[in-house]
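>>> Following is a predicted model, sequence given first.
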Amino acid sequence: MLKLSCTTYKLKVGKGMQRAIELDRGGLMLRGMLHRPDNGVDNVPLAILFHGFTGNKMESHFMFVKLSRKLEEAGIASLRFDFLGSGESDGDFQDMTFAGELRDAEIILEYAKSLDWVDKGNIFIVGLSMGGAIASVLAGKYSNDIKRLCLWGPAGNMPELIKRRAQELIDSKELDSEQPYYDLGGLLLGKRFIDDIENTDIYGEASLYEGDVFIVHGEKDMAVPLSASYEYLSIYGDRAKLYIIEDADHTFNKYEWESLAIGKTADFLKGEK
């Protein structure tokens, strides 16, 4: 039986209730925010948001905050956490691995299921980039617990991307194959991450999910190519739909692009086609 330890702080914001949450994972604290619609009802649907590689629980131009508030208006609660080693959570980035973030995600899912006011039949997952890869693997592992899955520019091809990039750095002498970490713009990326991700079959594990999937991808995403989302379509089949935002980049860095990603996601989680 998983033991959860958390601390909450209430904050009234707009039409919803916002709470700061801390979850204990092996003595390290995962820190996040819980948004709950202020409608006085129980049996509330809930979405869990997973940020991307080097990201945090707010994400670029605060789009996860905006998504949470959009969902509040739709009567959907949400949880958004910093993975260990990112944002305000405990731990060091250089100790981060894909398997570690997946374990963080499991802890967050267990917390969501422990909330007595949450509709356990309507728990949703939204993930951006590497958070999308995490979301897809988590959904495959806990298919019965997750009603709908939404992926934004999901990095299902991350093992190939990381392997190729690491080899380029080794060939250019920027990275010693025996070096324990790589300086990634001020963040130290550990070799354990590289070894771990190279041995992860993201698409294979994701294929076990049996629910509906909605994928949002920028047409001109230079970080994660559209082919990664087409691969997800191939494993999910008719249960998945891909929405391509014309001219958009990886993190939808225009108000128009961001609004489309958030609006289409909210519609999907509400069950609208």
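That came through fine.

>>> you'd agree S136 is up against G204?
No: using C-beta atoms under 8 Å, S136 is not in contact with G204, being 10.6 Å away. Just so you know, the C-beta spots here come from the backbone N, C-alpha and C atoms, and that holds for glycine as well.

>>> I'd say W257 and K220 touch.
No: taking contacts as C-beta under 8 Å, W257 lies outside contact range of K220: 10.2 Å.

>>> Burial check on S234, number of neighbours?
Neighbours of S234 under the rule other C-beta atoms under 10 Å: 11.

>>> From A135, how far off is it?
Distance, S234 to A135, by C-beta to C-beta, to the nearest Å: 18 Å.

>>> where does the stretch 51-200 of the chain have low pLDDT?
169-171, 173-177 (pLDDT under 70).

>>> Strands of this protein, start to end?
Along the chain, counting by DSSP state E, strands occupy 6-13, 16-25, 28-37, 44-50, 77-81, 118-128, 148-152, 181-184, 187-190, 212-218, 240-245.

>>> Pick the most buried one from those strands.
strand 148-152 (a mean of 28; mean count of other C-beta atoms under 10 Å).

>>> counting contacts, what elements does that one pack onto?
strand 118-128, helix 130-141, strand 212-218, helix 255-269 (3 or more C-beta pairs under 8 Å, 6 or more residues apart in numbering; DSSP states H and E).

>>> On the strand side of things, show who the residue sitting nearest the centre point of the chain bridges to.
The residue lying closest to the centre of the chain (C-alpha atoms, centre = their mean) is F50, at 2.1 Å. On the basis of DSSP bridges, F50 is bridged to F81, G127.

>>> Let me know the pLDDT of it.
Looking at F50, its pLDDT stands at 98.

>>> again with E22
Reported pLDDT for E22: 98.

>>> any idea how far it is from I235?
Applying C-beta to C-beta to E22 and I235 gives a distance of 35 Å.

>>> can you check V126 too?
Distance from V126 to I235, by C-beta to C-beta: 19 Å.

>>> got it, and Y209?
Counting by C-beta to C-beta - Y209 and I235 are separated by 9 Å.

>>> now do S78
When S78 is compared with I235 (using C-beta to C-beta), they lie 26 Å apart.

>>> that older thread, format the helices and strands packed on strand 148-152 as JSON lines; extra columns: distance to P154.
Shown next, in JSON lines, are these (distance: least, C-beta to C-beta, whole Å):
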{"stretch": "strand 118-128", "distance to P154": "7"}
{"stretch": "helix 130-141", "distance to P154": "3"}
{"stretch": "strand 212-218", "distance to P154": "7"}
{"stretch": "helix 255-269", "distance to P154": "13"}
